[in-house]
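Enquirer: Just need the structure, nothing else, for what follows:
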Amino acid sequence: MNLIHGHEVLKMMLASGKTYTKIGLVTDIIEKFGAEARFHTCSAEGLTAEQLVAFLEAKGKLVPQAGGVQTSASLICQP
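Expert: You can find the predicted model right below:
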């Protein structure tokens, strides 16, 4: 199983410059990291792409934009 830190997803979002719908974000995560990938953060592990998006939203890491969400470099903690 491929275990990836959630920061990699936030960095992917920043690099893309896109505004994501939640479904679109999950789709891009799966395309980039694979359907079998699992994610961890500083306080959770073993998350699916869907669970990670919900986790990031609950932690305030996804910034609402017109038509979806984005993130900010200032929201990425330094582990």
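
Enquirer: Leaving out sequence neighbours, find the closest residue to S16.
Expert: Distances taken as CB to CB, 6 or more residues apart in numbering place D28 nearest to S16, at 7.4 Å, with adjacent residues excluded. All C-beta spots, glycine's among them, are computed from the backbone N, C-alpha and C.

Enquirer: for that neighbour, what are its contacts?
Expert: Contact analysis of D28 by CB atoms under 8 Å, 6 or more residues apart in numbering lists M12, S16, K18, Y20.

Enquirer: Excluding chain neighbours, what is closest to A37?
Expert: A37's closest residue in space is N2 (CB to CB, 6+ apart), at 4.4 Å.

Enquirer: Can you name the residues that contact that neighbour?
Expert: Contacts of N2 by CB under 8 Å, 6+ apart are F33, G34, E36, A37, R38.

Enquirer: show me where this protein has strands.
Expert: For the chain, strands defined by DSSP state E occupy the ranges 3-5, 38-40, 63-65, 68-70.

Enquirer: Okay, now the unreliable bits of the chain?
Expert: Along the chain, the model assigns pLDDT under 70 to residues 1, 78-79.

Enquirer: quick one, what contacts the residue nearest to the spatial centre of it?
Expert: When CA atoms, centre = their mean is applied to the chain, the residue found nearest the centroid is V9 (4.1 Å). For V9, the contact set (CB under 8 Å, 6+ apart) comprises I29, F33, F39, L52, L56.

Enquirer: Out of the residues you listed, which is nearest to A73?
Expert: Distance to A73, by CB to CB, is smallest for L56 among the contacts of V9, at 14.4 Å.

Enquirer: Kindly provide the distance from that closest one to A37.
Expert: For L56, the distance to A37 equals 15 Å [CB to CB, to the nearest Å].

Enquirer: same thing with S16?
Expert: Where A37 is concerned, S16 sits at a distance of 17 Å (CB to CB).
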